[in-house]
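Peer 1: Below are the sequence and a predicted model; questions follow.
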Amino acid sequence: MTVKMKALVAAAISLALTTIVIGNAYYQKKQFYPSVVYLTNSNPSMAVMYLQGLILVLLVGKIIRKIFFGQLRPAELEHLMERSWYAITETCLAFTVFRDDFNPKFIALFTVLLFLKAFHWLAEDRVDYMERSPVIGWLFHVRILTLLMLLAQADFFFIHHAYQFTLLKGPSVQLVFGFEYSILLVMIVNILIKYILHAIDSRWEAPWESKAAVLLYTELAINFFKVLLYIGFVVIMVRIFTLPLFAFRPMYETMRSFKRAYSDVVLSRRAIRNMNTLYPDATAEELAAADNECIICREEMHGGAKKLPCNHIFHAACLRLWFQRQQTCPTCRLNVLRAPAPDAAPHAPHAAPAPHAPNAPRAPPPPFPNVPPPPMMAWGMPPAPPPRPASLATLSAEELRRMEGTERRNVEARLHLLHEIQAMLDASVLLMQQYSSVVANLPLDRNDVATQTDANRPEPSPAPSPAGARPEPDAVPGTSSEATPGPSGSSDGFEDFAFDDADKLTSDTFSEKTDADAEELRRRRLQKFSLEN
Amino acid sequence: MAGSALRRLMAEYKQLTLNPPEGIIAGPVNEENFFEWEALITGPEGTCFEGGIFPAKLQFPPDYPLSPPKMQFICEMFHPNIYADGRVCISILHAPGDDPMGYETSAERWSPVQSVEKILLSVVSMLAEPNDESGANVDAAKMWREDREQFNTIAERLVRKTLDLSPL
């Protein structure tokens, strides 16, 4: 209310000022023509006239808005204000380029441009609103169609005018107008397409699934045209005048939205193709398990539901819409572009046999202890889960056989590995038993000595060959084991185990093996020692 | 056929009316425009906002539920995760991809699985346990951390204000 009052007061003051200025001119000059000359030569009078003109334009705008839009919604008003500010500052920037042409006609043309732009924006917002409103009356259609037609005609007229003017008089500020109206015309086309799509959608009873895709492509095409226009404009402006700073912000935004539209189209196409070709349709049981409800639209699913690799089920149509935004599962955010496709399994056999073939499960241990056994290579990678088919029923017998082939080989390789691990564990258990039995057999009076080597030194040993080996025990572990056969059978068995199996082990266990050697040596020396005593 | 956004909003409205969660009322401002809702949130018990009834408006985008709605309190609020103009800053209301604060993982962002009810419940728990690392209202975050007593006093004043009581 207060804003309205203020506007009324401003209009009244402006009207009063204009009356005073004109009255004063007429009072001084008494005739029409001299009064006009007086008015145009007096700067204060011109300022008042400009103000009056502006208020008249705003009034006309208000009337047209009432005719075509009725009451504006707050969001529309906010949007309009925001865009107006940018447009006005950019117009002021444009003035600086064409300051030589600065005259009332020039200002009038820019005002008309801004005026028409504002209506383009409003029309766009109003058409976007169609999608949200449950009730759209015939008045809405009449208003929008008439407005779009009028705006398109105005755009055509101004483009034509700019073209003719440039042909006749060479490049001037009309270039800017021609370009601006071309952009507006592209915008009208965009609005019209959207309007038609929304109108068709509101007539149809069933949800129109491909509408979003059509919108996406329209956006891509429209943005492409706009980018072309902007680039052409900037090139022409740079060649003839100077850098058109005022066009940079809208150009940047257009390019950004073009890029976004492009990547949207590419990514969503990929995700949707994945969905159509790779993901299976959900079965009736699966649908029942998910309560028959699609969590995206909260409506029942009867048919046309797809199951993602993560086993979440949605309407195919809803998924298509969502994939145009993001290529993830709405529930668990699994990236569907990166996730292993469920039909990856039939392809796996082509790659898998190669590393496995040379190392059949019963292959001899590899010559180098540092090289891990091949099954480790294939199965040790943490992020590679076994490819799991979504449904075995969808695979052919041949694929199944191939899949089973690798699977069996893999299982055999794993079993072999487990056997080796078991042997290693047995060996270490035996080692521990041996060690503890030896410690238990030690004479009590030796318990206070710190290490066996220390204990050995002061003792004059009667056996010559072990004594010779004693000073450098680490150098030749093999000789000592040959020289002294183990006192018990179990010890022999242990030796076989430890030395045969250790060769097959990985590099980690190799160091363990050398430890085991040292341990073994020490044990033998102890045994010998206790025997001598 | 009306848009899928409209149908989903109608379904959610029905669900919220038939089976309202405790302490939350929400619905369209008028039934001609299902894309603007008003919600009343009761301050959670046992917190400094206890007893208050906080009005907020929700604005839904035309592509709801693919994009999240915006939520704004229309009463005065003083809270680390609410901007001075009442806009609510919680991760569930941010579409993955835009991250105003730069710390949210995409796992807690908007997805079509979320709903009005979940948003409002998140806001209730946000009232109970502010996240003082998000700087929607830096003053409030600082006061919440350093001078809890004064924060409680301000909250109590706001609660009384929402109930149209004179300040103590």
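Peer 2: Structure's in. What do you need? Residues are numbered from 1 along each chain as shown, chains lettered A, B, ... in the order given.
Peer 1: Per-residue pLDDT of the residue most central in space within chain A, please?
Peer 2: Geometric centre of chain A, nearest residue: residue A:326, 6.6 Å, by C-alpha atoms, centre = their mean. On pLDDT, residue A:326 comes in at 77.
Peer 1: Residue B:108 versus that one, what's the distance?
Peer 2: Separation of residue A:326 from residue B:108 (C-beta to C-beta, to the nearest Å): 15 Å. The way it works is simple: take the backbone N, C-alpha and C, and place the C-beta from them, glycine included.
Peer 1: which residues of the stretch 351-500 of chain A score low on pLDDT?
Peer 2: For the stretch 351-500 of chain A, the stretches with pLDDT under 70 are A:351-396, A:399-400, A:402-406, A:443-500.
Peer 1: now chain B
Peer 2: Within chain B, the stretches with pLDDT under 70 are B:1-2, B:96-107, B:134-135, B:166-168.
Peer 1: Quick one: name the residues of it near chain A.
Peer 2: Contact residues, chain B versus chain A (C-beta under 8 Å from any C-beta of the partner chain): B:1-8, B:11-12, B:15, B:32-35, B:59-60, B:62-63, B:65-67, B:95-97, B:106-107, B:111-113, B:115.
Peer 1: Out of these, list just those in helices.
Peer 2: Secondary structure from DSSP state H places B:4, B:5, B:6, B:7, B:8, B:11, B:12, B:15 of the residues of chain B next to chain A in helices.
Peer 1: Buried subset of those residues as a PyMOL selection?
Peer 2: Selection of buried members from these for PyMOL, criterion 16 or more other C-beta atoms under 10 Å in any protein chain shown:
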select buried, chain B and resi 4+5+6+7+8+12
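Peer 1: just curious, which of the ones in helices among the residues of chain B next to chain A is nearest to residue A:92?
Peer 2: The shortest approach to residue A:92 among those belongs to residue B:5, at 39.2 Å (C-beta to C-beta).
Peer 1: residues in contact with the closest residue to that closest one other than its chain neighbours?
Peer 2: Nearest-residue entry for residue B:5: residue B:64, 4.5 Å, with adjacent residues in sequence omitted and distances by C-beta to C-beta, 6 or more residues apart in numbering or on different chains. Counting by C-beta atoms under 8 Å, 6 or more residues apart in numbering or on different chains, residue B:64 makes contact with B:5, B:8, B:9, B:35.
Peer 1: And the residue nearest the centre of chain B, how far from chain A?
Peer 2: Taking C-alpha atoms, centre = their mean, the centroid of chain B lies closest to residue B:123, which sits 4.3 Å from it. Taking C-beta to the nearest C-beta, to the nearest Å as the measure, residue B:123 falls 21 Å from chain A.
Peer 1: max-length strand in chain B?
Peer 2: strand B:33-42 (DSSP state E).
Peer 1: Give me the residues contacting it.
Peer 2: Contact with strand B:33-42 is made by A:132-134, B:5-6, B:9-10, B:13, B:23-29, B:51-62, B:64, B:69, B:71, B:116, B:120, B:123-124, B:127, as judged by C-beta under 8 Å, 6+ apart.
Peer 1: what's around residue 158, how many residues?
Peer 2: No chain in the question, so chain A it is. Applying other C-beta atoms under 10 Å in any protein chain shown, we find 22 residues neighbouring residue A:158.
Peer 1: right idea, wrong chain: chain B
Peer 2: 21.
Peer 1: wait, it sits on residue B:86?
Peer 2: No: here residue B:158 lies out of contact with residue B:86, judged by C-beta atoms under 8 Å, at a distance of 11.7 Å.
Peer 1: Out of the contacts of residue B:64, give me the two with the largest separation.
Peer 2: Spatially, the most separated pair among these is B:8 and B:35, at 11.3 Å (C-beta to C-beta).
Peer 1: In contact with residue 154, which residues?
Peer 2: Using chain A. Residue A:154 makes contacts with residue A:116, as judged by C-beta under 8 Å, 6+ apart.
Peer 1: not what I meant, chain B
Peer 2: By C-beta under 8 Å, 6+ apart, residue B:154 lies in contact with B:78, B:143.
Peer 1: Surely it forms part of a helix?
Peer 2: Yes: in this structure, residue B:154 lies within a helix as judged by DSSP: H, G, I helix; E, B strand; the rest coil.
Peer 1: what's the distance between it and chain A?
Peer 2: Distance from residue B:154 to chain A, counting by C-beta to the nearest C-beta: 30 Å.
Peer 1: Kindly report the same for residue B:72.
Peer 2: With distances taken as C-beta to the nearest C-beta, residue B:72 is found 12 Å from chain A.
Peer 1: what does the one helix or strand that residue maps to contact?
Peer 2: Per DSSP states H and E: residue B:72 is located in strand B:70-73. Strand B:70-73 is contacted from outside by B:39, B:54-59, B:82, B:85-88, B:93, B:119, B:123, using C-beta under 8 Å, 6+ apart.
Peer 1: cutoff 7 Å now
Peer 2: Residues from elsewhere that reach strand B:70-73 (C-beta atoms under 7 Å, 6 or more residues apart in numbering or on different chains): B:54, B:56, B:57, B:58, B:59, B:82, B:86, B:87, B:88, B:93, B:119.
Peer 1: Taking strand B:33-42 as reference, get the angle to the strand or helix carrying the last one.
Peer 2: Following DSSP H and E, the helix or strand that holds residue B:119 is helix B:116-128. If you take axes from the mean of the first three to the mean of the last three C-alpha atoms, to 10 degrees, helix B:116-128 sits at 30 degrees to strand B:33-42.
Peer 1: what comes up buried for helix B:116-128?
Peer 2: Those would be B:116, B:117, B:119, B:120, B:121, B:122, B:123, B:124, B:126, B:127, for helix B:116-128 by 16+ other C-beta under 10 Å.
Peer 1: quick one: which of those residues is nearest to residue A:246?
Peer 2: Closest approach to residue A:246 among the buried residues of helix B:116-128 (C-beta to C-beta): residue B:119, at 40.9 Å.
Peer 1: In this structure the closest one contacts residue B:91, no?
Peer 2: No: with contact defined as C-beta atoms under 7 Å, residue B:119 does not count as touching residue B:91 (11.0 Å).
Peer 1: Now for these two: what residues contact both?
Peer 2: Common neighbours of residue B:119 and residue B:91, counting by C-beta under 7 Å, 6+ apart, are absent.
Peer 1: low-confidence ranges in chain A?
Peer 2: Residues of chain A meeting the criterion pLDDT under 70: A:1, A:132-135, A:205-209, A:290, A:339-396, A:399-400, A:402-406, A:443-514, A:529, A:531-533.
Peer 1: show me the residues around residue A:126 that make contact.
Peer 2: Contact analysis of residue A:126 by C-beta under 7 Å, 6+ apart lists A:69, A:144.
Peer 1: quick check, it in a helix?
Peer 2: Yes: when three-state DSSP is applied, residue A:126 is found to be in a helix.
Peer 1: What separation is there between it and residue B:142?
Peer 2: According to C-beta to C-beta, residue A:126 stands 44 Å off from residue B:142.
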